[in-house]
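Peer 1: A structural model of the following input is requested.
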Amino acid sequence: MHKPLAGQIALVTGASSGIGTGVATALADAGAYVAINYHSHAEPAEQLAAAITAKGGEAFAVGADVSDEAQIDAMFDAVVKRYGTVDIVVANSGLQKDAKFTALTLADWNTVIETNLTGQFLTAQRAVREFERRGMRDVSKALGKIICMSSVHEVIPWAGHVNYAASKGGIQMMMKTIAQEVAPQRVRVNGIAPGAIRTPINKDAWDTQEKLDKLLTLIPYGRVGEVEDIGRAAVWLASDESDYVVGTTLFVDGGMTLYPGFADNG
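Peer 2: Presented below is the predicted three-dimensional model:
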């Protein structure tokens, strides 16, 4: 069986649940050794590492708060110590602290921006430094690959979620600007923008038929996404099959960004 990421080392932040788990699993299935980052609860990450190992893969759990530069450095040091380097970095960690704009606290604004945007900045920066340190490897055409996990809300406004939407809009321009700067070094930076994906964080949007039917009015393709949809996209973006894809956001959203409310002229 062809393993497009065989011999490569991957780090996925926020990989102990939801989309991160799906991405880590898919990368491991594609042949990568995977470092599974978690923030505060080690057990789910360790269970995922054990599941990957049981299937014949290689993985380990590593804790870090991605908004803390010292912890980012320690996380990368742990990965390099175990595997020698890293080839693929998926900056996936993210959270929501929702409120109406006039009620949103500065603390909740800062928490979301620090994790969702600053965390991706620090993760990508440390990744590029590691790519430069070790030079080209024969496992990939690129010096290294970075995938920034964004959201359809990098382009779709979302009332009641101004901090989250701002962080994702920031990710889009940050990703493109980093990509522009490091592409001459053969570092590929791209983004994935999921739409509605069936994860525990958004269970309230799909856990009853009534809620699901309402959600599906926003998705022309007629189904909710699964974490495996994002995992497959991540594998493709991390592989040499997408070697000429640089600075692009791949929307995996069932058509949500087609603004289905305008299908009948609004």
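Peer 1: so K176 sits in a strand?
Peer 2: No - assessed with DSSP: H, G, I helix; E, B strand; the rest coil, K176 is helix; it does not lie in a strand.
Peer 1: quick check: it touching G247?
Peer 2: Yes - taking C-beta atoms under 8 Å as the definition, K176 is a contact partner of G247 at 4.9 Å. In this view, the C-beta of every residue, glycine as well, is placed from N, C-alpha and C.
Peer 1: ok, then the element right after the lowest-mean-pLDDT helix or strand in the chain?
Peer 2: Here the helix or strand of the chain ranked lowest by mean pLDDT, DSSP states H and E is helix 209-216, holding a mean of 90. Heading C-terminal from helix 209-216, the first helix or strand you meet, by DSSP states H and E, is helix 227-238.
Peer 1: which strands and helices sit next to that next one?
Peer 2: helix 18-29, strand 88-91, strand 144-149, strand 187-194, strand 249-252 (3 or more C-beta pairs under 8 Å, 6 or more residues apart in numbering; DSSP states H and E).
Peer 1: strand partners (parallel or antiparallel) of the second one?
Peer 2: Going back to what we said before, that points to strand 88-91. strand 9-12 (parallel), strand 144-149 (parallel) (DSSP bridges).
Peer 1: format the ones you listed as CSV; extra columns: mean neighbour count, mean pLDDT and distance to D229.
Peer 2: Below are those laid out as CSV (neighbours: other C-beta atoms under 10 Å; pLDDT from 0 to 100; distance: least, C-beta to C-beta, whole Å):
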stretch, mean neighbour count, mean pLDDT, distance to D229
strand 9-12, 30, 98, 16
strand 144-149, 27, 98, 13
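Peer 1: nearest to G225 among the ones you listed would be which one?
Peer 2: strand 144-149 (13.3 Å; C-beta to C-beta).
Peer 1: give me the low-pLDDT residue ranges for the stretch 151-266 of the chain?
Peer 2: The stretch 151-266 of the chain contains no residues with pLDDT under 70.
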